[in-house]
Every structure is written in C-alpha cells, then in structure tokens.
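> Pasting a predicted model and its sequence here:
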Amino acid sequence: MLLVQIKRKSTLVLAILTVLLVSTLITISSQAIPSEGYFFRVTILSTSDDQSIANYLAQELRRIRIDSKIVTHPQGAFESAVVSREFDIVYIDMDWPSKDVDPTVLFSKDGSANYWGIDESIPGGKENEELLEAAQLEPNPLARIDLYYQWQENLMNNILAVIPIYNKVSTYSAWGTLAGWDHAEGLVASLPYMSWTGNHTGQENASVFIDYIMPNEWPKWDEMNPLFVENTLYLSLIADPLFRVTSDGSLLPMLAESWTFNSNKTILTINLRDNVYWQTDQDHYYENETFTADDVIFSIKMYQNLSTTGTYFKWVKGLEKKSNLSLDIIIDGNKSAPGLQSFTPVFTELEKLMLPEHYLNVSVGPDGLPNTNHDNWKKYSIYGLGTGMYYIEKISQGLETVFSRNPNWWGKQADAFNEDLDMLTYKVRLLSDFNTILNEYKSGKLDIFKHYKKGLEFLTQTPYQAQTRDEFDVVYIGFNLKSTDTPEISDLTLTEDGTMTKGLAVRKAIAHIFDKTQIAGLIQTESHIIDSPFSNKFTSYINPDITKYSYNLEKAKTFMLKAGFDPLTLNNTGFTLPVAFLSTLFLAVLVPIIVKKNKLATA
C-alpha cells in the first residue's frame, strides 16, 4: 500500500511538472505581444459617412495584431481633426489644389495641406523638398516629368506618408436632346456651345437650363467672393479668369488676349481683351466700367493678402502696369536663390477669378488693404460682380438661385467664342434628398443629374445620355508622421539591417494589409484604383515603375518582423505551432510512462 502511495505521488508530481512545462512554453511564446494580444493601438480617423471603411481598416489591422480606435466626425469637425493631426491613420478625400500636377500644397514641408507632417527631419524628406522645388522651376516638359517620376518613387518608397487608394470618377447624366455639353471640360466651359435639339419630357422652356445642388455642397449663397470660397463653380457663371486650362492641358485665353515670356521666363507680359465691361452693380452706381490691368493687379494682390482658401501667387515678385490693357508679371519661383527664377505652373493660378477693382477698392485701411467691412464688399459677397456670362437675377433662400444672361458678355465677340448663349437663364435648385433629385430628373424638372452611382445604369440609355471623366480628387489612407500617441508609426530608429526606419517598416506593413479593390467596393460611386499619389488626370506624369502596395499578408508580416514585431504571433493569441508541437511531443512520451508505472504500482 505504501508503494502505491509513493507511485501515485510520483505520478502527481510528473503531472504537475508537465502542466508547468507547458505553461512555461506558452508564456515564453506570448511574450512578443502585450497581454491584450496586440502590438500597439492606432487611432483611425474618417468622416461619419465613411464609417464602414474605417471599420474595414480596423478589421484588417487586426490581422497583424494592430489594435485600433475609430473616430468619426461630420465633415466640418473631421477637417478640424485632420488639420490638428488627431489621428495615426486617416481615410481622406483630397481635393487636388489646381489643374497643374504640382503636389507641393499636399506634400511639401510648408504645404497648407501637408497633414502628414513631412519635413526634412525624416529620411527622404530633404530629397522630397529638392525634387518638388526643381519640378516647379523646370521649364522643359520632359525634364519636369522625369523629376516627378523621381519624386513619386521617393515619396512611396522612402517616406510613405500616404497610401494612394483611388481617384474619383464622375458620371453625369443629361437628357439626350442636350447638344454641346462636354463633361470633360465642365458645365461652365460648355455653356457657350450648349443648346437643345428638341424638348425632353417635362421641359417647359428651352432657353432655361435647370441645375441643382445639395446643401452640403454649397453651405450658403451669401458668400460669392472667390477670395473666401473654394468651390467656384457657380461664381464662374458670373466672373472670369485670365486663362482657362482645358482638359488636355492646353491654355485657353479668357480675359487675356495674348501673352509672351522673356527669354528666361521670369517676366510674363499679358495683353488684355479690349471692350470687356463689368456688369452693373445692384444699386446701379457703377455702369460701363471696363476691365483693365488695374483689375488684374488688384486681384493678384487680394489673393496674396486676403484669400482664406490657400496661399496664392507667392511666385509673383512684382506687377508693372504698361497700359490699361497690358501688364508685366515679374516671376521669382525661388526667392532663396540669387536672381529671378522661373516658375512653371504660373497659368494654373492665373485661372483665379478676377475681382472688380473699381467696386472693391473704394475704402482703404491703414494697412493699405481695402476695408472688407465696406458695404460694397458685403453686397459683392451676396450678388457677385463680374465680366462673365450671367449675373444673379434672384435668390430665393432655401429654394433656388436664378442667373440671367449678361447682355454685354464679351464671349459672343468674333475674336472670342463667337457664340451667344442659348441658355438665357441658368437656374440652380436647392434639393436635399437623393430620391427627390432622381425623381425630379426623371420627370424632366431637372436637365442634368450629377449624383450617378452603381445601380442607375438606365440613366446612361435613351432618352438620356451620360459622360464620364476622371476627377482631380484623390483618396488616400494617410499616416501621421509626427504621432506621439503611437510612436511605432513614426519611429525613426533604424531596423536591425539598417535599410529603413522602424516606422517606415510599420507603414509598409500596413500598406500591404489593405485591399484597395475591397475599399473601392464599399463606396457607391465609380473610381479608378491608383498606385501613384497623382490622379489619373495626370496620366503623362504617373511613374509606371513606382513602388506599389497591394494586399499581401506575407509581406505585411515580413515588414512587421523587420520593425521588431514577431510575426509568429500574428494569427493566434500566443499559443504558436512550435509550442503546441513540443507540448504534444512531451505529453506523448510522458503519459505512457506514467500509465506504465501506474500499472506496475497496482500490480
């Protein structure tokens, strides 16, 4: 009996040792990740409308043991959170700053939309600034393309501040009887050529074009000043720029008639159209005022000093009036370099709408700038005042705004568009509900439908027509390169092999965990997947050999390992295959021995 007890105690001890050994092995295997099962936590920021995409990002990050906190806001609060960098990862729709490819605003250290925190302190940051500056100054088109090829590769391989996801594709539907409309150029540019070949269902007046807008797209109609409004679509019915850049990148003179550069492209001489008149103001105090060089000089200075939508005309060194219809713009694209330097994207900023100097420059403050509290500025913000095709006839708050044809529009002249407007009235209705918009369009009470999405293919067929174009907007997943809440995202410590920083390795891992096609599938509108930070609008500038990031879990694991995070723990909570195997092997050997001893003890 004593022998049996000793053997049983021996069995109990062996069992305890077995449990301890297995527990020890499991504990050792799980030391690579914190007790909660994740390496670290990131804050994902998105708009409230993109909650489903934020959820997808969080789901995929868990595959590489990155936890997340999702923060969503309505558009206004979202923009504030982005500017103050209240994120580690942000899903963001970026408006491209102009029709030029120049990405300085988004990716230069001083760019007003550099939400990522790119500067020269990060690897690749110095090269980023040098390439952006060189491309701005390069007058040779092919050489400029090559510089942007280099810039894209440096951004995507050495910095990785953003993961390009897609650029938006917009499809508009219009009635099939509308002629002259070109979606690639836009509604405003098409208007001189637009006409109806016949009446469509529900149409009451062929000289009226009926458009619409949703409240979130145009918050208020009492701000028609282009200095303070980013969306200038309807302002462009009233006012004109000096030039317009067409969809193929060519230059169309508007209020400018001709232009020349000096030999090194540091002086741009602009000759203006003659016999261009400003519309009469609402009070009829200012009539028969002509457009002159004074208006151009005044406009550029106002954009430089008063605009709240961005930083403009920094490259303008000076302005010299040569005559009422001619002026010189002195260009210095790099004020830190000796002498004057050229600046390639000058014409994109000369697409800015011109302001009426005679109407706005009537009261000057001690700083030499106009008094923007003057009644003329207030009335200008409500009604606008321009040289364009239309003027505001009537504003019915909350219902519609009616634009009427400007009888003195310069565009009908033979040396201009040589076209008069068939659309004598342009009406913009305020509609807040998608289904209401669709029903109003189908009944013929709207002439165009701008919210096409998947499932509405019937709007591309007779009696309708549809046109599609790539947009300048690009959607990114962006990183906060200055994150202090999650330093793993921005860690500047080199990896063990010295090939990159640990933060870059983490960002590359994250870039390989998202499936761009799945993300695009979560939105209702059409899109084109992109690998470059450029929209497909800039096809000739896109580097086809750029470093690309597609979904690849193994690559994601490899980069996490490079950053110092053990990939063996990625697909479980710590009980790894080697541990399970060793534990099973140990038990397979030990249990028979215990059983055998027990049998001997009881024999």
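Thanks, I have the structure now. Numbering: from 1, shown residues only.
> From now on I want contacts and neighbour counts done on CA atoms only, so please keep to that.
Noted.
> Would you mind measuring from the residue most central in space within the chain to residue 60?
Central residue of the chain (Cα atoms, centre = their mean): residue 94, 1.1 Å from the mean position. To residue 60, residue 94 is 23 Å away according to Cα to Cα, to the nearest Å.
> Wasn't residue 174 part of a strand?
Yes: residue state for residue 174 (DSSP: H, G, I helix; E, B strand; the rest coil) corresponds to a strand.
> OK, contacts around the closest residue to it other than its chain neighbours?
Excluding its sequence neighbours, the residue lying closest to residue 174 (Cα to Cα, 6 or more residues apart in numbering) is residue 448, at 4.5 Å. With contact taken as Cα atoms under 8 Å, 6 or more residues apart in numbering, residue 448 is in contact with 172, 173, 174, 175, 210, 211, 441.
> could you redo the last one with a cut-off of 7 Å?
The contact partners of residue 448, taken as Cα atoms under 7 Å, 6 or more residues apart in numbering, are 173, 174, 175, 211, 441.
> Quick one, grab the pLDDT at it.
Note for residue 448: predicted pLDDT of 98.
> What distance do you get for it to residue 38?
With distances taken as Cα to Cα, residue 448 is found 51 Å from residue 38.
> What of residue 522?
In this view, residue 522 and residue 38 are 26 Å apart by Cα to Cα.
> who has more neighbours, these two?
residue 38 (20 against 12; other Cα atoms under 10 Å).
> So what does that one look like in phi/psi?
Main-chain dihedrals, residue 38, degrees, to the nearest 10: phi -130, psi 150.
> just residue 308 next, same as before
In terms of degrees, to the nearest 10, the main-chain angles of residue 308 are phi -110, psi 0.
> Measure how buried it is and give me the count.
Residue 308: 13 neighbours (other Cα under 10 Å).
> thought it was touching residue 230?
No: in this structure residue 308 lies outside contact range of residue 230 using Cα atoms under 7 Å: 8.9 Å.
> And residue 284, how close does it get to residue 93?
Taken as Cα to Cα, the span from residue 284 to residue 93 is 43 Å.
> just residue 380 next, same as before
Residue 380 is 31 Å from residue 93, where distance means Cα to Cα.
> for residue 432, same thing?
Separation of residue 432 from residue 93 (Cα to Cα): 22 Å.
> and what of residue 210?
Distance from residue 210 to residue 93, counting by Cα to Cα: 28 Å.
> just residue 293 next, same as before
Residue 293 is 38 Å from residue 93, by Cα to Cα.
> Neighbour count: the two, which is higher?
Using other Cα under 10 Å as the criterion, residue 293 and residue 93 rank with residue 293 on top: 23 against 17.
> I figured the more buried one hits residue 319, correct?
No: assessed by Cα under 7 Å, residue 293 is found out of contact with residue 319, at 9.9 Å.
> how about residue 486, what does it touch?
Going by Cα under 7 Å, 6+ apart, the list of residues near residue 486 reads 41, 42, 88.
> for residue 300, phi and psi?
Main-chain dihedrals, residue 300, degrees, to the nearest 10: phi -60, psi -40.
> ugh, wrong one, I meant residue 193
When read as degrees, to the nearest 10, the backbone of residue 193 gives phi -110, psi 0.
> Roughly how far does it sit from residue 472?
Distance, residue 193 to residue 472, using Cα to Cα: 24 Å.
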